[in-house]
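Peer 1: Just the structure for this:
(one chain, ligands or ions: 2)
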Amino acid sequence: MSIRLGIIGGGVMAEAILSRLIEQNIYPPDAVLVSEPQPQRREFLRKTYKVQVTSDNRETTTAQDVLLLAVKPQILDKVAENLAHLFPKRYPPLILSILAGVTLKRLEAIFSEQAIIRVMPNTPATVGAGITAIAAGKKVEPEHLASARSIFAAVGEVVEVPESLMDGVTGLSGSGPAFVAIMIEALADGGVAAGLPRPIAAQLALQTVLGTAQLLQQTKLHPAQLKDQVTSPGGTTIAGVTQLEKSGFRAAIIEAVMAAKQRSHELGR
Ligand SMILES: NC(=O)C1=CN([C@@H]2O[C@H](COP(=O)(O)OP(=O)(O)OC[C@H]3O[C@@H](n4cnc5c(N)ncnc54)[C@H](OP(=O)(O)O)[C@@H]3O)[C@@H](O)[C@H]2O)C=CC1
Ligand SMILES: O=C(O)[C@@H]1CCC=N1
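Peer 2: Ligands and ions are numbered 1, 2, ... in the order given. Predicted structure coming up:
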């Protein structure tokens, strides 16, 4: 079968997206070609998802529909120097780049004949609970956007934003799963500090975060309203909230997102 989707870089994010695309029959496995330097990783992807694999990035340029760039931003130039000249006839028609920080301007200078969409997914994509932001480049037509939306709808929600917001998106939803994971770990540590056995503390911490997110999503309550509902006058929660405020919890989260945004901007240069 001819290749419809080419993927360069078979790492964590590529696998998250790939696994859902195959599971949901968006692409048949033999229409997908993943280029990846590590032999063991190639073998894993081939066996697990039945996709085609290669060590030669140039082979992915035969993709009929989409080429997904999923390498680290730091090696884009190295990858591109072997590739760009292989695109004389506007094939593949659409390039999707998930590289943090890398701008459409930079991508369009490399892949001058293709339509390019800059994309920022996140790791909850692995379980279909991701959120992906997309920003369209100059040559993007409605059918390209529809393709990108259908690919990333397979891994969760999709929002379209102007490219100027993509570094901010990266700081929030791209990096955010790590911040939330640290919060869950810290909550569990708090439970252990309070004398709970580790497995119970971990279960309570995880379900508290998941349940709170679901409650906010389903009721559309503002987070501040939910906080007010939990906070009894003179009770336990206000004692904890006071400590969080003293420790600069909100500022720490805001600054984490801003630092990640800044790093995304730097990586794009
Ligand atoms: N992880 C995340 O949460 C998110 C990541 N991203 C973006 O996704 C991209 C990939 O990140 P992630 O999946 O985490 O990283 P990984 O390191 O897991 O994936 C990158 C893959 O590319 C492979 N690779 C290295 N050199 C080449 C090459 N020359 N040609 C082809 N493939 C190569 C790597 O192999 P090897 O290991 O042998 O080097 C690795 O398997 C990054 O640009 C990142 O900014 C975007 C959103 C979220
Ligand atoms: O840490 C990173 O650079 C990547 C981009 C967003 C999430 N992980």
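Peer 1: Going by proximity to ligand 2, name the top residue of this protein.
Peer 2: Taking C-beta to the nearest ligand atom, ligand 2 has its nearest neighbour within the chain at residue 174, 3.3 Å off. In this view, the C-beta of every residue, glycine as well, is placed from N, C-alpha and C.
Peer 1: could you give the mean pLDDT of the longest helix anywhere in the chain?
Peer 2: Ranked by residue count and defined by DSSP state H, the top helix of the chain is helix 198-219. Mean per-residue pLDDT for helix 198-219: 98.
Peer 1: Kindly report the same for stretch 27-45.
Peer 2: For stretch 27-45, the mean pLDDT works out to 97.
Peer 1: Return the distance of it from the chain's centre.
Peer 2: In terms of C-alpha atoms, centre = their mean, to the nearest Å, the centre of stretch 27-45 is found 19 Å from the chain centre.
Peer 1: and if you look at stretch 238-248?
Peer 2: The chain centre lies 31 Å from the centre of stretch 238-248; the measure is C-alpha atoms, centre = their mean.
Peer 1: Make sure residue 172 is actually in contact with residue 257.
Peer 2: Yes - Residue 172 lies in contact with residue 257 (C-beta atoms under 8 Å); the separation is 5.2 Å.
Peer 1: which of those two has more neighbours?
Peer 2: Remark: of residue 172 and residue 257, residue 172 carries more neighbours, 21 against 17, as counted by other C-beta atoms under 10 Å.
Peer 1: Just want to check the distance between the more buried one and ligand 1.
Peer 2: To ligand 1, residue 172 is 12 Å away according to C-beta to the nearest ligand atom, to the nearest Å.
Peer 1: what's the answer for residue 50, then?
Peer 2: Counting by C-beta to the nearest ligand atom, the separation of residue 50 from ligand 1 is 18 Å.
Peer 1: Then residue 149?
Peer 2: According to C-beta to the nearest ligand atom, residue 149 stands 17 Å off from ligand 1.
Peer 1: ok, now residue 238?
Peer 2: Counting by C-beta to the nearest ligand atom, the gap from residue 238 to ligand 1 is 35 Å.
Peer 1: Residue 139 now?
Peer 2: 22 Å.
Peer 1: in what helix or strand does that residue lie?
Peer 2: Here residue 139, judged by DSSP states H and E, is contained in no helix and no strand.
Peer 1: backbone phi and psi for it, please?
Peer 2: Per-residue torsions, residue 139: phi -90, psi 10 (degrees, to the nearest 10).
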